[in-house]
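Peer 1: have a look; sequence and predicted model below, questions after that.
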Amino acid sequence: MSLQSLLRDKRVLVLCGAGGVGKTTTAAALGVAAARSGRKVLVLTIDPARRLAEAMGLREGGAEPTPISPERLYAGGTPGTGQLDVWMLDPRVVFERFVHRLSPTPEAARTILDNRLYRFLSDLVAGMQEYAAAEALDHFLDEGKYDLVVLDTPPSRHALDFLEAPGRLARFLDDRIVSLFLPEEKGRGGRLWRKTSQLLGNVLGSIFGEGFTQEMRAFLGAFSGLFAGIRLRADRLRERLSAKDAAFLLVTSPEQASLDEASFFRDMLHEKGLPFAGYVLNRSWAREDGLLPPEGLLRHVEDDTARGGVEALIRLAEQERARAEVHRGLLQRLAEKLPAGAIAVAAPESGGELEDFGGLVRLGDALATG
């Protein structure tokens, strides 16, 4: 297997890793490479750096994915049939779209969205990037518009929680305590339930006002119709991400903390039975693409000052070669621990943040052919 084959054959590519390893840039570059090879690609990103967002022409707070123009995607080359869209996940937009999709009628959706308790819940969900990632990914896979969706997960040890987020939300909203506020025909029923519900209603009414309990019951009564849909989508997403056309890539760097995170993620993927495709070693010198040895310059210098400058360059080059050797050894150790069919590739050192779309093209091509 190669990264090129992943970009050609998979329908979902999920990138995980610690913060600061270049995961978002890698996701964008792989999306660019897949689109330039002829596929219809969507890159779902969490919070790209400003320069990366500008390089991709990404609109902040957009309600829909941003299409990358063919002129930018194929600049300097022959236009192809591939397409690339990019969307920065906005949890509020995702959650509102989810309500519209699962509500039986537009009126039912409005009942939920116009309730002041929805605003509180949407503020709560706005901090749940994991839920937004799960819901958006399921939506776009269900829509079927794209050949490949590349997901950039949140940079934390809880990044894989997006697999559990829909189920957690359903369990919270369907919990016994929440059910006490449902209208009687939707609650658990029974004399004890009615007595407890009435007591809670009286207590909350005395604190927040008489209409609060009724408003909460109306809201949860409307929302309870979505419970089954939430559970179904949680199960469906897990099935989709366990399928053969899905793959998880772990992005890491030579720093020990990043390597420890990558090891943690790999163990989690194994525990959850998810398809681990391999590692991308970023921010390393394991690849020396385009680096020329400075020794040849000595033939072209005549005075001692210039010779001293070249000799200083040679000493720096020796240090870089030694570091590259260490990083290649690290890449080899990562490769030795891989299951059959998985890969370990190194990204060429880009010298920090990529400044333009052309940099993403070069990085994507280097990774795909690595």
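Peer 2: Structure's in. What do you need? Keep in mind it's a predicted model, so treat the numbers as computed, not measured. Numbers count the residues shown, from 1 in each chain.

Peer 1: use CA for all of it now, contacts and neighbours both
Peer 2: Fine.

Peer 1: next, the buried residues of stretch 50-66.
Peer 2: Going by neighbour count (16 or more other Cα atoms under 10 Å), the buried part of stretch 50-66 is Leu52, Ala53, Ala55, Met56, Gly57, Leu58, Pro65, Thr66.

Peer 1: can you show me the CA trace of it as CSV?
Peer 2: Taking C-alpha atoms only, stretch 50-66 is exported to CSV below (Å, rounded to 0.1, in the frame of the first residue of the first chain):
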residue,chain,number,x,y,z
ARG,A,50,-4.5,31.8,9.3
ARG,A,51,-1.9,31.5,6.6
LEU,A,52,-3.1,28.0,5.6
ALA,A,53,-6.7,29.3,5.5
GLU,A,54,-5.6,32.2,3.3
ALA,A,55,-3.6,29.8,1.0
MET,A,56,-6.8,27.7,0.5
GLY,A,57,-9.1,30.7,0.1
LEU,A,58,-11.1,29.4,3.0
ARG,A,59,-14.0,31.6,4.2
GLU,A,60,-14.3,31.9,7.9
GLY,A,61,-17.7,30.9,9.3
GLY,A,62,-19.1,29.7,6.0
ALA,A,63,-22.3,27.7,6.1
GLU,A,64,-21.2,25.5,3.1
PRO,A,65,-17.9,24.1,1.9
THR,A,66,-15.6,26.5,-0.1
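
Peer 1: residues near Val326, how many?
Peer 2: Neighbour count for Val326, taken as other Cα atoms under 10 Å: 16.

Peer 1: give the contact list for the nearest residue to it once chain neighbours are set aside.
Peer 2: The shortest distance from Val326 to any non-neighbouring residue, by Cα to Cα, 6 or more residues apart in numbering, is to Ala286 (7.8 Å). With contact set as Cα atoms under 8 Å, 6 or more residues apart in numbering, Ala286 has these partners: Ala324, Glu325, Val326, His327, Arg328, Leu331, Ala346, Ala347, Pro348.

Peer 1: which of the residues you listed has the most neighbours?
Peer 2: Ala347 (25 neighbours).

Peer 1: pLDDT value on the nearest residue to it once chain neighbours are set aside, please?
Peer 2: Take Ala347 and drop its neighbours on the chain: the residue closest to it by Cα to Cα, 6+ apart is Asn282, 5.2 Å away. With respect to pLDDT, Asn282 scores 90.

Peer 1: ditto for Ala218
Peer 2: Listed pLDDT for Ala218 reads 63.

Peer 1: what of Pro154?
Peer 2: 75.

Peer 1: returning to what we had before: could I get the contacts of Ala286 as JSON lines with distance to Asp365?
Peer 2: Shown next, in JSON lines, are the contacts of Ala286 (distance: Cα to Cα, whole Å):
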{"residue": "Ala324", "distance to Asp365": "21"}
{"residue": "Glu325", "distance to Asp365": "23"}
{"residue": "Val326", "distance to Asp365": "24"}
{"residue": "His327", "distance to Asp365": "21"}
{"residue": "Arg328", "distance to Asp365": "20"}
{"residue": "Leu331", "distance to Asp365": "19"}
{"residue": "Ala346", "distance to Asp365": "12"}
{"residue": "Ala347", "distance to Asp365": "10"}
{"residue": "Pro348", "distance to Asp365": "11"}
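
Peer 1: can you add secondary structure and pLDDT and give those residues back as a markdown table?
Peer 2: Converted to a markdown table, the contacts of Ala286 look like this (DSSP: H, G, I helix; E, B strand; the rest coil; pLDDT from 0 to 100):
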| residue | secondary structure | pLDDT |
| --- | --- | --- |
| Ala324 | helix | 82 |
| Glu325 | helix | 86 |
| Val326 | helix | 86 |
| His327 | helix | 88 |
| Arg328 | helix | 88 |
| Leu331 | helix | 89 |
| Ala346 | strand | 91 |
| Ala347 | coil | 88 |
| Pro348 | coil | 81 |
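
Peer 1: closest to Val21 among the residues you listed?
Peer 2: Taking Cα to Cα as the measure, Val21 lies nearest Ala347 of these, at 11.1 Å.

Peer 1: who's in contact with that closest one?
Peer 2: Contacts of Ala347 by Cα under 8 Å, 6+ apart are Val280, Leu281, Asn282, Arg283, Ser284, Ala286, Arg287, Leu363, Ala366, Leu367.

Peer 1: again with Gly22
Peer 2: Per Cα under 8 Å, 6+ apart, neighbours of Gly22: Val251, Asn282, Arg283.

Peer 1: now do the contacts for Leu338.
Peer 2: Contacts of Leu338 (Cα under 8 Å, 6+ apart): Gly278.

Peer 1: how about the backbone phi and psi for it?
Peer 2: phi -80, psi 150 (degrees, to the nearest 10).

Peer 1: ok, it to Ala34 distance?
Peer 2: 24 Å (Cα to Cα, to the nearest Å).

Peer 1: before we move on, back to that, take the buried residues of stretch 50-66 and keep only those in helices.
Peer 2: Those of those mapping onto helices are Leu52, Ala53, Ala55, Met56, per DSSP state H.

Peer 1: is it true that the first one touches Lys23?
Peer 2: I take that to be Leu52. No - with contact defined as Cα atoms under 8 Å, Leu52 does not reach Lys23; the gap is 11.8 Å.
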